[in-house]
Each structure stands twice: as structure tokens, then as C-alpha cells.
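>>> structure, please.
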Amino acid sequence: MMIKSVVFDLDDTLYNSTALSESARKSALKAMVNEGLDIDLKKGYEDLMRIVKRYGSNYSEHFNRFLEEKLGYVDYKFLASGVIAYHNTKFAYIRPFDDTVPTLIKLVKRKKKLGIVTNGVPVKQWEKILRLGLEHFFEFVIISSEVKYEKPSPKIYEIALERLDLPPEEALMVDNKIEDLKGAKNVGMKTVLIARVKDAEYAPKIKKLSEILNFVD
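Modelled structure (predicted):
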């Protein structure tokens, strides 16, 4: 059957989330140091990432925990300087991968229904989509904490298929995580791994989003 819909992951699929988050966190630490926090930046980044790993990327108080570890309390001057630098960096440098918008335009012209299925916090994920300027391409956006199911649960993909009103074999899921694609595959969707940020062994695999055009027709 012909592919009638393409559903995308967001982070590290449509834009480089990994590089942006790293830059923003390093900018935050530099801002704290500039305000007087006495830390080694390299060691501080390693400690911060340990906290991110412990609490998860969607936790909202990474810098609070970081300052508590370093000082024994939260210095709100340091915290505010870090938060400002973090958000300023993200807002200034968030942009789609070079081939994201051209590929989405071509898919729309080919009458493909487009959607997003992403894990995360609704306001954070929507802020990314809006700042990327991608919202008008998609017929729906499904965010895990809104629907109470998280990838790779097949349930979140079943919700996507209900929104599409299509049989699973007519929908293609594009993601950068093998585990998340397994959930889509379990409900019968076609799947493609995009491995431009982190490489992995999986087939079929693409390096650029534009290669999706070879699959949909």
C-alpha cells in the first residue's frame, strides 16, 4: 500500500536537540561562574549531566539540585543567571535541520498527512514546535504526558492512527530511537530510523530527512 501519512518524532529528528541542550547547559554554567560561582566548568558540566540523567531531561529543577550539591543551598542569584543564559541560548539557536522544512513542504505537496508523536511535557514540546516555526505542517501533535502513554508504548501510536483515520500499514513513523520505533512496528506501522545525531544498526536507516521521499511513494 502507498504511504498516506508520515508521523515524526520531534527531538533530534526535526532539529538537533542534543547539541542545543548541551550548548544551553554550558552557557548556564558559564553565566553562574561569571556571577561568582567557584566551579571548574568541565567538572561542573559532568556533575550537571549526572543530575539530568538521575532526574530525567524534563525535570524542571536541575540547576537547583546542582547548586545544592555545590553550595549546600540554592543561591538564587546564581540560579537566575543560569536560567537566563540557558533560555537565551535555546531561543537564539533553535532551528530545524536544513532539510526539515524542504522535506515537509514536499510531503504536503504530495498530499501526505503529517503528525508528531513525542515524549515530553506539553508546554515545552509546543514551545519547541512554535519556535521552530513548524506548527502549520502538522495535522496533529501527540505529546506523551497529555495522553498518559509514552513511547514506545503501542497505545500512543494507536492514538495517532485514530487521529489519522488510516490503517497502520498506510502510516510511516520516523524516529531516531530504535526502541521507540518498536512500539510503532508493533501496531503495524511502517518505520524508518533517522540516525543523523546518534548512529545505530537498524534497517531501513536514513541519514537525512529528505530520504523519506524515497519511502512514501
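>>> show the pLDDT at Val197.
For Val197, the model assigns a pLDDT of 54.
>>> numbering from 37 from now on, please.
Sounds good: first residue 37 from here, last item Val233.
>>> so what's the residue positioned nearest the centre of the chain bridging to?
Nearest to the mean C-alpha position of the chain, counting by CA atoms, centre = their mean, stands Asp47 at 1.7 Å. Note on Asp47: beta-bridge partners Tyr51, judged by DSSP bridges.
>>> how about it, what does it touch?
Ser53, Thr154, Gly156, Lys164, Asn212 (CB atoms under 8 Å, 6 or more residues apart in numbering). Using the backbone N, CA and C atoms, a C-beta is placed for each residue, glycine as well.
>>> same thing but 10 Å
Contact analysis of Asp47 by CB atoms under 10 Å, 6 or more residues apart in numbering lists 53-54, 56-57, 93, 154-156, 161, 164, 211-213, 233.
>>> what are the ranges of the strands in this structure?
Using DSSP state E, the strands of the chain run over residues 41-44, 149-154, 176-179, 207-211, 226-230, 241-242.
>>> hmm, who's touching the helix or strand bottoming out on mean pLDDT in the chain?
Every helix and strand of the chain was ranked by mean pLDDT, DSSP states H and E. The lowest is strand 241-242, at a mean of 78. For strand 241-242, contacts defined as CB under 10 Å, 6+ apart pick out Val210, Ile214, Val228, Leu229, Ile230, Ala231, Arg232, Asp235, Glu247, Ile248, Asn250, Phe251.
>>> any idea how far the nearest residue to Glu175 once chain neighbours are set aside lies from Leu140?
Spatial nearest neighbour of Glu175, chain neighbours left out: Lys149 (5.4 Å); criterion: CB to CB, 6 or more residues apart in numbering. For Lys149, the distance to Leu140 equals 12 Å [CB to CB, to the nearest Å].
>>> so for the two, which residues contact both of them?
Val42, Phe174.
>>> wait, isn't Val43 in contact with Glu206?
No: Val43 is beyond contact range of Glu206, at 11.2 Å (criterion: CB atoms under 10 Å).
>>> looking at these two, which is more packed in?
When Val43 and Glu206 are compared for neighbours, Val43 comes out ahead with 27 against 17, by other CB atoms under 10 Å.
>>> rewinding a little: which of the contacts of strand 241-242 lies closest to Glu194?
Val210 (17.7 Å; CB to CB).
>>> mind listing the residues bridging to the closest one?
Going by DSSP bridges, Val210 forms beta bridges with Phe44, Val228.
>>> show me what contacts it?
With CB under 10 Å, 6+ apart, Val210 has these contacts: 42-45, 49-50, 139, 153, 217, 220, 226-230, 242, 245, 247-248, 251.
>>> can we see that at 7 Å?
Counting by CB atoms under 7 Å, 6 or more residues apart in numbering, Val210 touches Val42, Phe44, Asp45, Thr49, Val228, Ile230, Ile248.
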